[in-house]
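> From the sequence below, what's the structure:
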Amino acid sequence: MRRGVDLVTAEVESAYASSDDPVERLRLCINAHLRALLLGSDAVYVLLFEWRALGPEASKEIIELRDQYESLWAGILETMIAQGVVRKNVDGRLLRLIGLGALNWVATWFDRNGVHSLDAIGDFIWQIAMDGVINKGVQA
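Model (predicted):
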């Protein structure tokens, strides 16, 4: 489980650092999360779906790791809100929870041989963000 968190964290941090444009960063981070989730090891699946089967001590540790990862996303979204890239009336916490929930749920239905590639799915999710919460006229 720790490997799963480390993998997805490294992928998203690398994607974030690869661009200075906050909107492009969001797209890159969404796709990085999906790639780490679906093209990496099965450790991420274990993290997403099996952590509740852990004992209290191990569960506490994994929840702390998950919270650290979610704080990375919280920082990304809070920065975008502070820059005016995301509309001010958007609840950043709710956006993070719903966004990560949507991304993580892809693991339950994604078909590598299906009609939609992983990048196409990520870009679709990004387009939903663009249409729903991004101020298109703001230059960060």
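> and stretch 70-83, average pLDDT?
In this model, stretch 70-83 has an average pLDDT of 94.
> All the helices of this protein, residue numbers only.
Secondary structure of the chain by DSSP state H: the helices cover 2-17, 22-39, 43-50, 56-82, 92-109, 118-132.
> Lowest average pLDDT across those helices?
With a mean of 73, helix 43-50 has the lowest mean pLDDT of those.
> tell me the most buried of the helices of the chain?
helix 22-39 (a mean of 21; mean count of other C-beta atoms under 10 Å). In short, each C-beta sits where N, CA and C put it, glycine included.
> angle of that helix against helix 92-109?
Helix 22-39 and helix 92-109 are oriented at 30 degrees to each other (axes from the mean of the first three to the mean of the last three C-alpha atoms, to 10 degrees).
> next one: helix 22-39 to chain centre, how far?
7 Å (C-alpha atoms, centre = their mean, to the nearest Å).
> same deal with stretch 65-80?
9 Å.
> Same question for stretch 95-102.
The answer for stretch 95-102 is 8 Å, by C-alpha atoms, centre = their mean.
> Contacts for stretch 28-35 next, please.
For stretch 28-35, the external contacting residues (C-beta atoms under 8 Å, 6 or more residues apart in numbering) are 8, 11-12, 14-16, 18-19, 73, 76, 99-100, 103, 106, 118-119, 121-123, 125-126, 129.
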